[in-house]
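S.K.: Return a 3D structure for these sequence lines:
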Amino acid sequence: MDRKEFFQNIGFGEYESKILSSLIKLGAATPKEISLDSGVPQNKLYSILKKFELDGILSEVPSSSKKYKLINIKQFIEERINEQEIKLKDLKKFSKDIQKINDPEDNFTFSLIKGQRAIMNKLSEANEKATKEIFGVQRNWRYWGEGIRAMKQSLKKGADVRMIGVVNDETWKRAKEWKKVGGKLAKYNGKFGEHPLRFTIFDQKFARITIGRPEIKERKDYVTIWTDCKPLVMMLRNQFLEMWKECEKV
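M.R.: Predicted coordinates:
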C-alpha cells in the first residue's frame, strides 16, 4: 500500500490523497510544485489546499513565494482511523442485525406447482431427501414408480413414514402397494370431512397442500402450494397427528 492508497482508505478523495502524499514528500512547497509532483491540476488544487487549511492540517509558510506545509497531520490521521474503527464496529453490528432480519426462520417462501406430473416429481424429490419423517394425507393412493423408490430411500435413512388415505374397494389394491414399501398406513376417517385435504409434511421443514379432484377436474390444472413457513408446517403436522389418532390403522 502506498501513501495515496493509505489516505484513500481513511476517507480522503483521490486528488486529496495525491496532494497529501506530495506534501509529505516535498515538505514545504509552492502550489506549482505540489501540482507538478501530484499531477493534480492547479484549478483543483487551490480549493483542496483551502479545505486542508480549514481542517487544520495545512499552514502557509512565510517566504518570498507562497508555500504550504502539513501540520498536525499525525493527530489528524489518528482521528480519521478512530472514525473508521467506529464505522467498522457499526457495520459489524448492522451486519448482525441484517442477518437476523434475513433469518430463514422469519422469512417464509411459498411457491405454486401446477399439473399432476410436476407435482408428483416434486413429491418424489422431497420424499427421497427426507431423513426424519414424512407425514401425508392423500385420497386415492396414486401409485407411481418414482414415488415408491423415493419413499424407500427415506425409509432406509430411518424416516418415520405415515400416510392417511381413503381405503375402499377401489383404492385398496393401490394402498397395499404403498404398504409394501414399509411405511405406516391409516384409513381416512370421514369425521374430518367427505374428502380429505391432501397435504404432506417433510422433516418438519416443508409442507405441501394440493388441490385436485373433485375441486379441479383436469389433472393438468392440479395445484400444489409448497412452503417452508414454519408456523404453517407445524400447524399441518399437528393436524396430521390428531387425524392419526382417530384413523384406523391398516
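S.K.: Which stretches in the protein count as helices?
M.R.: Listed from the start of the chain, the chain has helices (DSSP state H) covering 3-9, 14-26, 31-38, 42-55, 73-101, 116-129, 145-156, 172-181, 230-246.
S.K.: mean pLDDT for these: which is lowest?
M.R.: Of all those, mean pLDDT reaches its minimum on helix 73-101 (a mean of 77).
S.K.: okay, now the domains of this protein?
M.R.: The chain breaks down into these domains under automatic domain parsing: 3-100, 110-249.
S.K.: Point out the most buried one among the ones you listed.
M.R.: For these, the largest average neighbour count (mean count of other C-beta atoms under 10 Å) is found in domain 110-249, namely a mean of 16. (Each C-beta comes from the backbone N, C-alpha and C, glycine too.)
S.K.: Am I right that Met163 is in contact with Tyr188?
M.R.: No - counting by C-beta atoms under 8 Å, Tyr188 is not a contact partner of Met163; they are 10.0 Å apart.
S.K.: Determine the residues that are contacts of both of these two.
M.R.: Counting by C-beta atoms under 8 Å, 6 or more residues apart in numbering, the shared contacts of Met163 and Tyr188 are Val137.
S.K.: Could you pull up the residues touching Leu123?
M.R.: Per C-beta under 8 Å, 6+ apart, neighbours of Leu123: Gly147, Ala150, Thr200, Arg208.
S.K.: Kindly apply the preceding question to Asn189 instead.
M.R.: Neighbours of Asn189 in contact, by C-beta under 8 Å, 6+ apart: Met243, Glu246, Cys247, Glu248.
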